[in-house]
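Novice: here's my sequence, what's the structure:
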Amino acid sequence: MRPRTSSRLPDVQDPLILVFETKSGIVIDVELSVNIAYGYDIRAEVIGETGTAALGDGGLVTLKRFAMRSTDIAVDWRQRFNLAYDRELQEWIDAMHRGVAAGPSSWDGFVATAVAEATFRSFTQGGRAVVTLPAKPEIYE
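Specialist: Have a look, this model is predicted:
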């Protein structure tokens, strides 16, 4: 979907809203903006039949006073993800020492590329774009 563009960068399609539907009928919506003026913000929420699970809408410190609540907002990804990237790299090194695979596979990359291509097709041509994957070749096993 192409909502009204930001007044800050009117020639760039920002924000974007993406809606995905899985083969089993699960609907996923992604709302993103890369030019938000207030800071770096990332959130996720899974809504299920019996409850929800939410990732982060809080900063490192929440201040409550004068009947208000405020929290810091990171200026970029480092404050929020630096430690996660360090752990991911260490897990990859540890797996390498054990002689096992770690992280996404090349098939995962193939599938992500197919989804990205369909997303781009939908964005440029409008409407729904179907992701069609071939049977997983033996080389990816």
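
Novice: quick check: bridge partners of the residue nearest in space to the middle of the chain?
Specialist: Closest residue to the average C-alpha location of the chain: residue 30 at 7.5 Å, with CA atoms, centre = their mean. When bridges are called by DSSP bridges, residue 30 pairs up with residue 18.

Novice: show me what contacts it?
Specialist: Taking CB atoms under 8 Å, 6 or more residues apart in numbering, we find residue 30 in contact with 16-20. Bear in mind the C-beta positions are built from the backbone N, C-alpha and C, glycine included.

Novice: pretty sure residue 130 sits in a strand.
Specialist: No: read with DSSP: H, G, I helix; E, B strand; the rest coil, residue 130 is coil and lies in no strand.

Novice: confidence score at it?
Specialist: On pLDDT, residue 130 comes in at 93.

Novice: find the nearest non-adjacent residue to it, please.
Specialist: In space, and not counting its chain neighbours, residue 130 is closest to residue 118: 6.8 Å by CB to CB, 6 or more residues apart in numbering.

Novice: among the contacts of residue 30, name the buried ones.
Specialist: residue 16 (16 or more other CB atoms under 10 Å).

Novice: how about the residue nearest to residue 130, phi and psi?
Specialist: phi -70, psi -40 (degrees, to the nearest 10).

Novice: can you tell me which residues contact it?
Specialist: Neighbouring residues of residue 118 by CB under 8 Å, 6+ apart: 129-131.

Novice: lowest average confidence, helix or strand, in the chain?
Specialist: For the chain, the helix or strand with the lowest mean confidence is strand 62-65, at a mean of 79 (criterion: mean pLDDT, DSSP states H and E).

Novice: what helices or strands is that one leaning on?
Specialist: strand 68-71 (3 or more CB pairs under 8 Å, 6 or more residues apart in numbering; DSSP states H and E).

Novice: run through who's touching the next helix or strand after the strand it packs on.
Specialist: Note on strand 68-71: by DSSP states H and E, the next helix or strand toward the C-terminus is helix 78-98. Helix 78-98 is contacted by residues 40, 42, 56, 60, 74, 101-103 when judged by CB under 8 Å, 6+ apart.
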